[in-house]
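Asker: When you get a sec, could you give me coordinates for this:
(2 chains)
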Amino acid sequence: GNSVTQMEGPVTLSEEAFLTINCTYTATGYPSLFWYVQYPGEGLQLLLKATKADDKGSNKGFEATYRKETTSFHLEKGSVQVSDSAVYFCALSREKTSGSRLTFGEGTQLTVNP
Amino acid sequence: SAVISQKPSRDICQRGTSLTIQCQVDSQVTMMFWYRQQPGQSLTLIATANQGSEATYESGFVIDKFPISRPNLTFSTLTVSNMSPEDSSIYLCSVAPSTDTQYFGPGTRLTVL
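Answerer: A predicted model of the protein is given here:
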């Protein structure tokens, strides 16, 4: 079946540090891949997505590249801010239709200190 | 994208009671999803609600415990029935307006005493 594995957290960084959160997946075919972010006390917000191999999703300084050969979709940001402190979820959708279920990773808690 | 609201935003309930959570979308959508997020955990899909038909429940979730209504293309409700402290969670609805990208509501934070 489908599965998503994220690096274990929590992750604590200083402001302006480089961020990588690893995400690998197991799925047949070519799933869509997503990163969602959950700020404290809020719901999930879509951060970025990629729908095919070698696609790069980007938003708010965050990037992730769909790597079919390594079945990975690692999230990166060159310089984190305190406001990036949140929980980050990697997810996949096996079917590119509106009824497709999402499979989520465990989530990675990021804390950025000033 | 889609703008989704949920009511209530949070509630504290007594054991044995029921709570109905509302989800309103700003556009018509075919599918709506209901998730549970237990404290410190990831999201677990409860059911998928299609307008005009019975909801489809995931393994481990049953209609008697989590009845869902979907009266039209912009609205759905999830009821958490006969609550116990183990039901304390965040409940989120989501929609996928046109593709497989899901957009989430702000969540309902439920505490059961």
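
Asker: so what's A:Gly43 up against?
Answerer: B:6, B:92, B:104-107 (Cβ atoms under 8 Å, 6 or more residues apart in numbering or on different chains). (Each C-beta comes from the backbone N, C-alpha and C, glycine too.)

Asker: SS state for the residue most central in space within chain B?
Answerer: By Cα atoms, centre = their mean, chain B has its centre lying nearest to B:Trp34, at 3.6 Å. For B:Trp34, the assignment made with DSSP: H, G, I helix; E, B strand; the rest coil gives strand.

Asker: residue contacts, it?
Answerer: B:23, B:45-49, B:66, B:68, B:76, B:78, B:91-93 are the contacts of B:Trp34 under Cβ under 8 Å, 6+ apart.

Asker: out of these, who has the most neighbours?
Answerer: Neighbour counts for these peak at B:Cys93, which has 30 neighbours (criterion: other Cβ atoms under 10 Å in any protein chain shown).

Asker: give me every residue that touches that residue.
Answerer: The neighbours of B:Cys93, taking Cβ under 8 Å, 6+ apart as the test, are B:4, B:6, B:21, B:23, B:32-35, B:76, B:78, B:104-105.

Asker: Look up phi and psi at A:Asp84.
Answerer: Phi and psi for A:Asp84, reported as degrees, to the nearest 10, are phi -80, psi 0.

Asker: I'd guessed it sits against A:Gly78; true?
Answerer: No. Counting by Cβ atoms under 8 Å, A:Asp84 stays clear of A:Gly78, with 11.5 Å between them.

Asker: okay, those two: which has more neighbours?
Answerer: Per other Cβ under 10 Å, whichever of A:Asp84 and A:Gly78 has more neighbours is A:Asp84, with 20 against 11.

Asker: ok, the more buried one to chain B distance?
Answerer: Distance from A:Asp84 to chain B, counting by Cβ to the nearest Cβ, to the nearest Å: 19 Å.

Asker: so who does that residue touch?
Answerer: Applying Cβ under 8 Å, 6+ apart to A:Asp84 gives the contacts A:19, A:77, A:110, A:112.

Asker: Looking at these, spot the one nearest B:Phe61.
Answerer: Of all those, B:Phe61 sits closest to A:Leu110, with 30.1 Å by Cβ to Cβ.

Asker: returning to that earlier point: in TSV: the contacts of A:Asp84, plus distance to chain B.
Answerer: Formatted as TSV, the contacts of A:Asp84 follow (distance: Cβ to the nearest Cβ, whole Å):
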residue	distance to chain B
A:Leu19	20
A:Lys77	21
A:Leu110	14
A:Val112	19
